[in-house]
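Peer 1: any chance you can model this:
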Amino acid sequence: MAIDKQTVKYVAHLARIELRENELDKLSRQLHDILDFIDKLKKVDVKDINPTSHILPINNVLREDVPQEPLPSEKALINAPERQGSFFVVPKVIE
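Peer 2: So this is what the prediction gives:
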């Protein structure tokens, strides 16, 4: 698929991006190269390849969920900008 400078200029205008002439040349070449690469990928036979989400096996490293003593309210509220008793005071968002 060919990407010329006029197409890049038109899309840049739609996206409200201002490009100089040398940027138009560079961007049109880069987009052309990207689309050529995608065309090459389309020709690759992948019917026997299983889909993957990552090239390496990934395992979550989670700590054991062990019950602990709760955080005391005084410690939880120590940096609160405003508090009332043992509660955080927040601006009203529902009228």
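
Peer 1: in the longest helix along the chain, what's buried?
Peer 2: Counting residues, the longest helix found in the chain (DSSP state H) is helix 21-42. Going by neighbour count (16 or more other C-beta atoms under 10 Å), the buried part of helix 21-42 is 24, 27-28, 31. Every C-beta, even on glycine, is put in place using the N, C-alpha and C of the backbone.

Peer 1: tell me what the next helix or strand after it is packed against?
Peer 2: Remark: after helix 21-42, the chain's next helix or strand is helix 73-76, criterion DSSP states H and E. If you count contacts as 3 or more C-beta pairs under 8 Å, 6 or more residues apart in numbering; DSSP states H and E, helix 73-76 packs onto no helix or strand.

Peer 1: mind listing what's buried along helix 73-76?
Peer 2: For helix 73-76, using 16+ other C-beta under 10 Å, no residue counts as buried.

Peer 1: now that helix: average pLDDT?
Peer 2: Helix 73-76 shows a mean pLDDT of 91 in the predicted model.

Peer 1: contacts for it, please.
Peer 2: For helix 73-76, contacts defined as C-beta atoms under 8 Å, 6 or more residues apart in numbering pick out S86.
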